[in-house]
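Enquirer: Need the 3D shape of this:
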Amino acid sequence: MPSTAQTPSPDIASLAADLQAAGVRTDAGGLAETLTRVAAGPRTYPARAWQALIAADLPDALATRLDAAAEALRPVDPKPDPARLDRLRTTLAEVGVDGFILPRADEHMGEYIPAPAERLSWLTGFTGSAGVVLVLPDVAVIFVDGRYTLQVAQQVDTGRWTVEHVVRTPPAEHVRKHLAGRRLGFDPKLHSINAAKRLAEAAEEAGGSLVPLETNPIDALWSDRPAAPLGPVEVLPTTLTGLDAAAKRERIAAELATKDIDATVLNQPESIAWLLNLRGADVPYTPLPLAYATIDRTGLVELFLDEAKCTDAVRAALGNGVTLRPFEAVGAAMDALGAAGKTVSIDPDAATEWMRGRLEKAGATVTLAADPCILPRARKNAVELAGTRAAHARDAAAMARFLKWIDDTGTGTTELGASDALEGFRSEIADWRGPSFPSISGAGSDGAIVHYRVTPDSDRPLEDGSLYLIDSGAQYLDGTTDITRTVAIGTPSQEMRERFTLVLKGHIAIATARFPAGTTGGQIDALARQFLWKAGLDFDHGTGHGVGVFLGVHEGPQRISSASRVPIEASMILSNEPGYYKPGAYGIRIENLLIAVEAPAQEDNSRPMLGFETITFAPIDRRLIEVSLLTAEEIAWLDAYHAEVRSRVAPALDAAHRAWLEAATAPFLD
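Expert: Numbering: from 1, shown residues only. Next up is the predicted model:
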């Protein structure tokens, strides 16, 4: 991470003096560094939560001045600059490599990454959540998946960058074609072990070589790169987590002992947050502290986390079994494991090539094995499930208010106006901790961009005769929500109604699925697509993803996707979100969250069966349903679902909203 040293401004110097007068131990230099790092991270919820890192219970006037000082230091999104590609090529030649491969990633392999890790966006202008670039003297390629094929064309200079589908034409294939006799540089802290292995094999097949670089060449070019974020850490009580950290540590330690592993090194903050019941504020949308951790077969943990993010209460809550170390000390800790001849496990899909190389160089016996926290985290306990149900119930009231507002407002709003209104409704809900991802608020043809992100420049009004797609979610202390609704603005066309209904049929097929224990998400994905396929249609994204509890809105290993080989287990949370997207016209998606539950066995079959419990409750737009395309069973499911929406949500609404909800959920069958 870049240095945060700077000369304090007169305003910060004055603020530091006033804080000192109020009894706060600080100085102008320290305050400037703290504010710069706070400003480099996402905004906290509650808004002033970060101020606990400076002092508790500040007078309102000082707190307001701190807010203003931090806001003034927030980094501005970098403007695209085609010359950056030329400067990168020059730098690569200077360090002795012919090219460079860069994923959108940080050293923790997270979906949402801190501002100083947004190197791919700085280089190309692309702001999607997944991508890879390959730069050689004669080729520059950006690889994205099907969610971003339209977005990348809008954001990237396609005269300088070739766009490829990351699944159909993986980066390794390009390496095989273009690397003959060449040296390809890479940052080993940004590539998983398996990803680096694939690239190395491709380079060797091409007659070239993959070269680890000591420093990332972009960091020297990015002169105004943001500072490392400084988000406050909190420890959740067992009333929210269901298990204390000691019990979780004991569970993981027992698994390590069973497999004769001395220790494991964790670099995924989601696993560390789950293991120690920590939450933080270092990355957008997911309450994570950026950290490393080791846990050994006795259950002792070393936590590598910037101590400046922890209050005295957090330090005390970590307990005797957890030793807090500086973030930068993780390398030395891995060296110590190697020097002691330890057998250390790391996850080949989550741990980085840098971790593997450092451990092996130090003398450790490295075992490649799945992160031992991943499956326990995915299998929610009873307290977590109760919390997420409660969070969804509160969220449903906000959604009902919003959907009525959309109906009342109609063409009188824009994409940004609508998403801001929804956030406003959610912000009034108890224990709200901000959005769980950037809302996808797409009117008309923007709805056809699967991961569209509205900006002031792209903001467009909702228009009569169009569809409006809103995919959004929230973080609450007790749960994480994710819901998509497609709404008719004015009168929809017959084509819109028919294709919406095909998507609905697929949604119902997943919601009502019954399947044997051991079934994978890949085996049931086609249930959602079958009706679209019959019409010659499809959608280019998975049908569902795992979801955490006040953690990541996208959580593995469970998902509903043709590529998934992970069995769905009882108590896992998944999304159900088939869609259809007509480029240049409209997008359709219907998304609810589900809990996998045990289903009663039939008398003549003792094989354990699973099904799904829907926990998202919001009306599905009746105006978009072509009832003639639904079977009696599908209509019965829809009517029963809407009846449950009414019973659960109506008590939280006033009379006007209850009347709207009654009409929006009216049954099709008497």
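Enquirer: distance of residue 254 from residue 465?
Expert: 61 Å (CB to CB, to the nearest Å). Where you see a C-beta, it was placed from the backbone N, CA and C, and this is true even at glycine.
Enquirer: do the same with residue 456
Expert: Distance, residue 456 to residue 465, using CB to CB: 25 Å.
Enquirer: same check, this time on residue 661
Expert: Here residue 661 is placed at a distance of 25 Å from residue 465 (CB to CB).
Enquirer: Show me which of these two is the more surrounded one.
Expert: Regarding residue 661 and residue 465, a neighbour count based on other CB atoms under 10 Å identifies residue 661 as having more, with 23 against 13.
Enquirer: For that one, which three-state class applies?
Expert: Local secondary structure at residue 661 is given as helix here, using DSSP: H, G, I helix; E, B strand; the rest coil.
Enquirer: Quick one: residues contacting it.
Expert: 400, 404, 619, 645, 646, 649, 650, 653 (CB atoms under 8 Å, 6 or more residues apart in numbering).
Enquirer: if you set the cut-off to 6 Å instead, what comes out?
Expert: Contacts for residue 661 were tallied using CB atoms under 6 Å, 6 or more residues apart in numbering; they are 400, 650.
Enquirer: Where do the strands of the stretch 351-500 of the chain begin and end?
Expert: Assigned by DSSP state E, counting those that start in this stretch, the strands in the stretch 351-500 of the chain fall at 365-368, 432-435, 440-443, 466-472, 474-476, 479-480, 483-489.
Enquirer: ok, the shortest one: who's next to it in the sheet?
Expert: Here strand 479-480 has these sheet partners by DSSP bridges: strand 474-476 (antiparallel).
Enquirer: Run through who's touching the strand it pairs with.
Expert: Counting by CB under 6 Å, 6+ apart, 391, 395, 426, 431, 432, 433, 434, 435, 436, 481 sit against strand 474-476.
Enquirer: Of those residues, which is the nearest to residue 546?
Expert: Distances from residue 546 to the contacts of strand 474-476, taken as CB to CB, are shortest for residue 436 (13.1 Å).
Enquirer: Kindly tell me how buried the residue nearest to that closest one when sequence neighbours are not counted is, as a neighbour count.
Expert: Nearest residue to residue 436 in three dimensions, chain neighbours excluded: residue 473, at 3.7 Å (CB to CB, 6 or more residues apart in numbering). Using other CB under 10 Å, residue 473 has 23 neighbouring residues.
Enquirer: show me what contacts residue 473?
Expert: By CB under 6 Å, 6+ apart, residue 473 lies in contact with 436, 437, 481, 482, 553.
Enquirer: Format the strands of the stretch 351-500 of the chain as CSV; extra columns: mean neighbour count, distance to residue 258 and mean pLDDT.
Expert: Converted to CSV, the strands of the stretch 351-500 of the chain look like this (neighbours: other CB atoms under 10 Å; distance: least, CB to CB, whole Å; pLDDT from 0 to 100):
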stretch, mean neighbour count, distance to residue 258, mean pLDDT
strand 365-368, 16, 13, 98
strand 432-435, 20, 36, 98
strand 440-443, 27, 43, 98
strand 466-472, 26, 41, 98
strand 474-476, 28, 35, 98
strand 479-480, 30, 31, 98
strand 483-489, 22, 40, 98
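Enquirer: Just say helix, strand or coil for the spatially most distant residue from the centre of the chain.
Expert: Distance to the chain centre peaks in the chain at residue 604, reaching 42.8 Å (criterion: CA atoms, centre = their mean). With three-state DSSP as the basis, residue 604 sits in coil.
Enquirer: distance of it from residue 598?
Expert: The value you get for residue 604 to residue 598, if CB to CB is used, is 18 Å.
Enquirer: buried sites along stretch 57-77?
Expert: For stretch 57-77, burial by neighbour count (16 or more other CB atoms under 10 Å) applies to 58, 62, 63, 65, 66, 69, 70, 73.
Enquirer: mind listing the helices for the stretch 201-350 of the chain?
Expert: Assigned by DSSP state H, counting those that start in this stretch, the stretch 201-350 of the chain shows helices spanning 217-221, 238-241, 245-258, 269-276, 312-318, 330-339.
Enquirer: Tell me which of these sits nearest to residue 507.
Expert: Here helix 269-276 is closest among the helices of the stretch 201-350 of the chain (CB to CB), at 27.4 Å.
Enquirer: Let me know the angle separating that closest one from helix 245-258.
Expert: Helix 269-276 and helix 245-258 are oriented at 110 degrees to each other (axes from the mean of the first three to the mean of the last three CA atoms, to 10 degrees).
Enquirer: Quick check: mean pLDDT of helix 269-276?
Expert: Mean pLDDT, computed over helix 269-276, is 98.
Enquirer: what's it in contact with?
Expert: In this structure, residues lying in contact with helix 269-276 by CB under 6 Å, 6+ apart are 108, 245, 248, 266, 279, 288, 290-291, 293, 371, 373, 377, 551-552.
Enquirer: Same question for stretch 436-456.
Expert: Stretch 436-456 has contacts (CB under 6 Å, 6+ apart) with 147-148, 150-151, 285, 415-416, 418-419, 460, 462-463, 466-475, 480, 541, 553, 581-587.
Enquirer: And that stretch, what's buried?
Expert: Buried positions in stretch 436-456, judged by neighbour count with 16+ other CB under 10 Å: 436-454.
Enquirer: go on, stretch 206-215?
Expert: 206, 208, 209, 210, 211, 213.
Enquirer: which one of those is nearest residue 40?
Expert: Nearest to residue 40 among the buried residues of stretch 206-215, counting by CB to CB, is residue 213 at 24.0 Å.
Enquirer: For the residue nearest to that closest one when sequence neighbours are not counted, the count of nearby residues, please.
Expert: Residue nearest to residue 213 in three dimensions, not counting chain neighbours: residue 185, with 4.8 Å by CB to CB, 6+ apart. The local packing of residue 185 (other CB under 10 Å) involves 22 other residues.
Enquirer: and residue 185, what are its bridge partners?
Expert: Counting by DSSP bridges, residue 185 forms beta bridges with residue 100, residue 211.
Enquirer: And it, how far from residue 204?
Expert: Relative to residue 204, residue 185 is positioned 16 Å away (CB to CB).
Enquirer: Which positions in the helix ranked longest in the chain come out as buried?
Expert: Counting by DSSP state H, the longest helix found in the chain is helix 382-409. Neighbour-count burial for helix 382-409, counted by 16+ other CB under 10 Å, picks out 383-385, 387-388, 390-407.
Enquirer: Which helix or strand in this structure has the lowest average pLDDT?
Expert: Lowest mean confidence among the helices and strands of the chain (mean pLDDT, DSSP states H and E): helix 149-155, at a mean of 87.
Enquirer: which residues in the stretch 501-650 of the chain form strands?
Expert: Remark: strands assigned in the stretch 501-650 of the chain by DSSP E, counting those that start in this stretch are 515-516, 544-546, 555-560, 573-576, 579-582, 586-589, 592-599, 609-614.
Enquirer: Output those in JSON lines; the columns should cover distance to residue 297.
Expert: Shown next, in JSON lines, are the strands of the stretch 501-650 of the chain (distance: least, CB to CB, whole Å):
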{"stretch": "strand 515-516", "distance to residue 297": "35"}
{"stretch": "strand 544-546", "distance to residue 297": "28"}
{"stretch": "strand 555-560", "distance to residue 297": "23"}
{"stretch": "strand 573-576", "distance to residue 297": "30"}
{"stretch": "strand 579-582", "distance to residue 297": "46"}
{"stretch": "strand 586-589", "distance to residue 297": "45"}
{"stretch": "strand 592-599", "distance to residue 297": "31"}
{"stretch": "strand 609-614", "distance to residue 297": "33"}
